[in-house]
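Q: Predicted model, plus sequence, below.
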Amino acid sequence: MTQESGRSIFLFRWIPILVVLVGIGGLLLVWYSSFPPGTWEDTPNYLDMYVDYLVNNPGDAFLRVETGPTGRQSWFVIPVYLGVGLLVLAYAAGKIRKEEYVVMNRRYIIYLIVLALFAITFHNAAQFYNWYWNPELNAPGFVDTWTHITSPWLIAALFSPLALGRFLHWERRSMWFFIFAINMTAALGWEIAESGASWDPDPSYFNYPMDSIKDLIMGGLVATVIGTWLYERLVIDVEQQSRLPHMPAKDTTLKP
């Protein structure tokens with residue numbers, strides 16, 4: 001490949017991407033300026049609140065076990081930490097014994113640890129600041145949309161590396177259905193429990209039907225797509241690319 005052809009390929013590949021990014025950046029500026037003056041000043045700085053919570057309450061941030069608007073013990077940090085640890089140990093043991101207990105790599109381990117720490121601390125911050133409820137609107141707060149994505153997203157990240165292809169003869173790209181089944185079952189169980197709490201004579205929280213549907217979509221569908229898609233990008237694609245140079249040349253000879 002000549003230097004000129006390499007430059008042409010580079011330009012054809014990156015110019016459309018740069019044009020799209022500039023266009024999106026322009027739309028972001030229009031979106032930001034479309035709100036009335038002063039709106040952003042009245043919006044809480046959630047990032048500062050989250051960081052402040054981590055700095056001033058590290059024990060609660062990383063070890064607290066209760067979450068959700070009902071305040072019950074429903075998100076246990078010990079199984080999460082234990083699950084991450086077991087996956088890492090299974091990966092290390094598989095490397096030593098030349099066995100495939102889990103299908104993952106080092107970059108996925110880093111991603112999993114960061115996601116687990118963020119999901120736990122973010123949920124605990126939401127509970128600490130009561131981000132689940134908007135008292136001005138007397139309705140669920142919009143931040144709980146993100147908490148209902150991050151927890152099943154973490155579930156997807158924890159279960160995706162399981163080597164079901166070895167034990168159940170599943171293809172790796174069929175893992176999305178297994179993750180969807182887990183996430184939707186967990187989401188339905190959560191929403192059923194919240195709706196049941198609404199029947200309490202003195203309920204501390206009322207589960208709005210449309211909010212419940214939104215949570216099912218976020219937890220059962222969106223989180224499944226995010227979790228399995230990232231797994232394929234970080235593990236499956238990398239694994240396939242690493243094997244390409246070692247693949248035998250295709251036999252193109254004519255057979256009688």
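A: Perfect, I can see it now. Numbering: from 1, shown residues only.
Q: Can you find the helix or strand of this structure with the lowest average pLDDT?
A: strand 139-140 (a mean of 70; mean pLDDT, DSSP states H and E).
Q: The chain: strands as residue ranges?
A: All strands of the chain, identified by DSSP state E, fall at 133-134, 139-140.
Q: Format the ones you listed as CSV; extra columns: mean neighbour count.
A: Backbone N, C-alpha and C define where each C-beta goes, glycine included. Shown next, in CSV, are those (neighbours: other Cβ atoms under 10 Å):
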stretch, mean neighbour count
strand 133-134, 14
strand 139-140, 18
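Q: Could you export those strands to TSV, including columns for distance to Met175?
A: Shown next, in TSV, are these (distance: least, Cβ to Cβ, whole Å):
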stretch	distance to Met175
strand 133-134	35
strand 139-140	31
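Q: now for those strands, which one comes closest to Ala119?
A: Nearest of the strands of the chain to Ala119, taken as Cβ to Cβ: strand 139-140 at 19.3 Å.
Q: Not counting that closest one itself, show me its contacts.
A: 69, 132-134, 208, 211 (Cβ atoms under 8 Å, 6 or more residues apart in numbering).
Q: Sheet partners, orientation included, of that strand?
A: Here strand 139-140 is paired, per DSSP bridges, with strand 133-134 (antiparallel).
Q: ok now the strand it pairs with, how far from the chain's centre?
A: For strand 133-134, the distance from its own C-alpha centre to the chain's C-alpha centre is 23 Å (Cα atoms, centre = their mean, to the nearest Å).
Q: what's the answer for stretch 217-229, then?
A: With Cα atoms, centre = their mean, you get 7 Å for stretch 217-229.
Q: got the contact list for that stretch?
A: Against stretch 217-229 from outside (Cβ under 8 Å, 6+ apart): 145, 148-157, 160, 175-176, 179-180, 183-184, 186-188, 190.
Q: Now, these that are in helices?
A: With helices taken from DSSP state H, the overlap with these comprises 145, 148-157, 175-176, 179-180, 183-184, 186-188, 190.
Q: Among these, the buried ones, what's the PyMOL command?
A: Under the burial definition 16 or more other Cβ atoms under 10 Å, those of the ones in helices among the contacts of stretch 217-229 that qualify are selected in PyMOL by:
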select buried, resi 145+148+149+150+151+152+153+154+155+156+157+175+176+179+180+183+184+186+187+190
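Q: residue contacts, the residue nearest the centre of the chain?
A: What sits nearest the mean C-alpha location of the chain, by Cα atoms, centre = their mean, is Trp153, with 3.2 Å. Residues in contact with Trp153 (Cβ under 8 Å, 6+ apart) are 115, 119, 223, 226-227.
Q: what bits of the stretch 51-200 of the chain have low per-residue confidence?
A: For the stretch 51-200 of the chain, applying pLDDT under 70 flags the ranges 66-76, 137, 197-200.
Q: where along it do the helices fall?
A: 58-63, 77-97, 106-129, 144-159, 164-167, 175-198 (DSSP state H, counting those that start in this stretch).
Q: I'd like these as JSON lines, with distance to Thr43 appended.
A: Below are the helices of the stretch 51-200 of the chain laid out as JSON lines (distance: least, Cβ to Cβ, whole Å):
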{"stretch": "helix 58-63", "distance to Thr43": "23"}
{"stretch": "helix 77-97", "distance to Thr43": "30"}
{"stretch": "helix 106-129", "distance to Thr43": "14"}
{"stretch": "helix 144-159", "distance to Thr43": "15"}
{"stretch": "helix 164-167", "distance to Thr43": "44"}
{"stretch": "helix 175-198", "distance to Thr43": "27"}
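Q: Out of those, which one sits most buried?
A: helix 144-159 (a mean of 23; mean count of other Cβ atoms under 10 Å).
Q: and Phe142, what are its phi and psi?
A: The phi/psi pair for Phe142 (degrees, to the nearest 10) reads phi -70, psi -20.
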